[in-house]
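Participant: Sequence isn't available, so here's the structure alone:
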């Protein structure tokens, strides 16, 4: 493998980005990021389109050369190394399967390039196809497969080379919701099975939260926060993170002074807020605010209420429909309510840099 | 039916439109009748007449065509060495011109499709198409003037002690390649442009260098487009008799047909003409198997 001799894998980061920058014309697609991805972790790069996450992934793969900064893979500087000499493989967003080759030829392509002997090639092909549950498909053409099957072929084609790092560029973006959820579970299982580092680019916060060991939230070419899903969701570092990962529900300025009692920017997750009648008395460890329900969105298992606060601003509240019927939920429209939450669920946010930090509590998920 | 629009009885045009709406197949037939008739009569029909002509013969005394089915013309074709030489020379020339066009067109098309900026690409497409706007005869005469003894090619090469290809097979090859090159560049350009960039990235990602990617990914995917282009270069060369006549003393099949018409021996001319037709039909069948028709 390519790790420098004498280095133990455990303490060398799988990927180290140092002041990595990519300029397209006069736009900084990636504006000087530092990042360390650990060996063997499932790491997600989450962000809206144009936030630089895909460009970063493409620089790690070697498809783009950085304008400045460095990329180290397991301690080896690969900044100027072409893709075919890097120990990483990529699963492309459009799968990029070779249409003139069979599934088997596609999957074994990397082995053929490296002149792996025929017998070993076939063994590894069988093993790779079994891993993605496509045994018996090697004679088909990519054109004869469904989206989900193509996705698996792309995965097998990358994994058969036993790379140290697998890069996935929004691999589930083209699949429908049901299939996407299935593939999420399967991807995670495969990652645990092969035990290699996965770097996963997505704009879907739910996907990032469910699959990752850690994730980085990208915005405008920079990283806003790196942490575990729980960290990022429960303790968002910035208003952008609060808004992008979940519903922002921001309290700031006048509203913050009136409700929280001090200046600053705060957020409360919608599921932590309880709807009560206006005359309800909050417990000592609770805070509350008066308002009226502007809109009710019935979502089946949950109902989402958008509540206009009397002191200005709005908060989104989600409640599980444990006992509530849709009739009851919808009847709450325009009703005056008291919103109640525990003090410990109020999060203090750092600097605002995000376009969604507008204090209106508009949902963004 | 109280609405005024419904109260009025529908006009002839409306009724006709409704009738056609209810009979979509009839509509299709009416639509295709004229163009199909044109194709059948003007193209297939004339070919059939041509082929039928090849089975008559010329009475050598009267010089009149005798309308009795005979294989005399084909016997003449196969037993006369000259025709065999002409056929081989013509097909060989078509193959050579096609190969040269592929070799020249590929780098140009690759540059246009994958490297050039949008603006340069547009300019290059125009540059490739431009020669097609000029008259064929003007272009061939221009080459003739350049190639002849006192032409600009010999003049330019003289200081180096060299002289140009003169008038011969090389001249024909040069001029044909010049004439048909755009017909090869355009399909290859279109074929290359259709290959998603991610396929090339994927190949590189899987460890392949540029040469390997070219042989295993680019070439197989663009092959139908190359074959599509070669249909043009090949068949245009096969049928042309003006260029050989103007830039050389060498004859191709087309010139033999022309000569036979000059006798006039129409049946023999028809028999000779059926050779390129047979070759092209065979070529098209192969091209279809290679998927070229999807790339036209």
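Facilitator: Everything's here; your move. A quick note: this is a predicted structure, and the numbers were derived from the prediction, not measured. Numbering: from 1, shown residues only, chains lettered A, B, ... in the order given.

Participant: Domains in the chain, by residue range?
Facilitator: Assuming you mean chain A. A:9-238, A:241-348 (automatic domain parsing).

Participant: switch to chain B, that's the one I care about
Facilitator: Split by automatic domain parsing, chain B gives B:11-53, B:76-295.

Participant: related to what we said a few turns ago, among the domains of chain A, single out whichever gets nearest to residue B:274.
Facilitator: Closest to residue B:274 of these is domain A:9-238 (CB to CB; 36.3 Å). For the C-beta atoms, the positions are set from N, CA and C on the backbone; glycine is no exception.

Participant: mean confidence for that closest one?
Facilitator: Throughout domain A:9-238, pLDDT has a mean value of 93.

Participant: what about the one residue sitting closest to the centre of chain A, is that helix, strand or coil?
Facilitator: Nearest residue to the geometric centre of chain A (CA atoms, centre = their mean): residue A:208, 2.9 Å. Classification of residue A:208 using DSSP: H, G, I helix; E, B strand; the rest coil returns helix.

Participant: tell me the contacts of it?
Facilitator: A:44, A:46, A:200, A:202, A:215, A:229, A:245 (CB atoms under 8 Å, 6 or more residues apart in numbering or on different chains).

Participant: tell me the secondary structure for the first one?
Facilitator: Just to be clear, that refers to residue A:44. Under three-state DSSP, the three-state class of residue A:44 is strand.

Participant: What residues are bridge-paired with it?
Facilitator: Note on residue A:44: beta-bridge partners residue A:200, residue A:215, judged by DSSP bridges.

Participant: how about the residues of the stretch 101-250 of chain A near chain B?
Facilitator: Residues of the stretch 101-250 of chain A that fall close to chain B, judged by CB under 8 Å from any CB of the partner chain: A:109, A:110, A:113, A:114, A:157, A:158, A:161.

Participant: residues in contact with the first one?
Facilitator: Spelled out, it's residue A:109. For residue A:109, the contact set (CB under 8 Å, 6+ apart) comprises A:98, A:101, A:157, B:203, B:206, B:208, B:216.

Participant: about what we covered before: need the winner for burial among the domains of chain A.
Facilitator: Stretch with highest mean neighbour count among the domains of chain A: domain A:9-238 (a mean of 19; mean count of other CB atoms under 10 Å in any protein chain shown).

Participant: Could you give the number of residues near residue B:23?
Facilitator: Look at residue B:23: counted by other CB atoms under 10 Å in any protein chain shown, it has 12 neighbours.

Participant: buried ones in stretch B:93-111?
Facilitator: B:93-94, B:96-98, B:100-102, B:105-106, B:108-110 (16 or more other CB atoms under 10 Å in any protein chain shown).

Participant: neighbouring contacts of the longest strand along chain A?
Facilitator: When chain A is parsed with DSSP state E, its longest strand is strand A:286-298. Residues outside strand A:286-298 that contact it (CB under 8 Å, 6+ apart) are A:258-260, A:276, A:278, A:280, A:282, A:303-311, A:314-315, A:326, A:329-330, A:332-343, A:346.

Participant: by contact count, what packs against the helix or strand that residue B:286 is a member of?
Facilitator: Element membership for residue B:286, per DSSP states H and E: helix B:266-289. The contact analysis (3 or more CB pairs under 8 Å, 6 or more residues apart in numbering or on different chains; DSSP states H and E) places helix B:266-289 against helix B:46-53, strand B:57-58, helix B:72-79, helix B:81-110, helix B:219-239, helix B:253-262.

Participant: Return the distance of the third one from the chain's centre.
Facilitator: Distance, stretch centre to chain centre, for helix B:72-79: 27 Å (CA atoms, centre = their mean, to the nearest Å).

Participant: so that helix versus helix B:253-262, what angle?
Facilitator: 140 degrees (axes from the mean of the first three to the mean of the last three CA atoms, to 10 degrees).

Participant: go on, the longest one?
Facilitator: For helix B:81-110 against helix B:253-262, the angle by the same axes, to 10 degrees is 140 degrees.

Participant: Give me the helices and strands touching the helix or strand just after helix B:81-110, please.
Facilitator: Using DSSP H and E, the helix or strand that follows helix B:81-110 in sequence is helix B:118-133. In terms of contacts (3+ CB pairs under 8 Å, 6+ apart), helix B:118-133 is packed against helix B:169-193.

Participant: What average pLDDT does the helix it packs on get?
Facilitator: 94.

Participant: Any residue of it touching chain A?
Facilitator: No. Using CB under 8 Å from any CB, helix B:169-193 never reaches chain A; the gap is at least 12.4 Å.

Participant: Where is the longest helix in chain A?
Facilitator: Counting by DSSP state H, the longest helix found in chain A is helix A:177-194.

Participant: how about residue A:282, secondary structure?
Facilitator: coil.

Participant: circling back: out of the domains of chain B, which is closest to residue A:11?
Facilitator: Of all the domains of chain B, it is domain B:76-295 that lies closest to residue A:11, at 27.7 Å by CB to CB.

Participant: could you dump the domains of chain A to CSV with distance to residue B:128?
Facilitator: Formatted as CSV, these follow (distance: least, CB to CB, whole Å):
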stretch, distance to residue B:128
domain A:9-238, 27
domain A:241-348, 48
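
Participant: closest to residue B:177 out of those?
Facilitator: With CB to CB as the measure, domain A:9-238 is the member of those nearest residue B:177 (29.2 Å).

Participant: which sections of the stretch 151-296 of chain B are below the confidence cut-off?
Facilitator: Across the stretch 151-296 of chain B, the ranges flagged by pLDDT under 70 are B:295-296.

Participant: Am I right that residue A:317 is in a strand?
Facilitator: Yes. Assessed by three-state DSSP, residue A:317 belongs to a strand.
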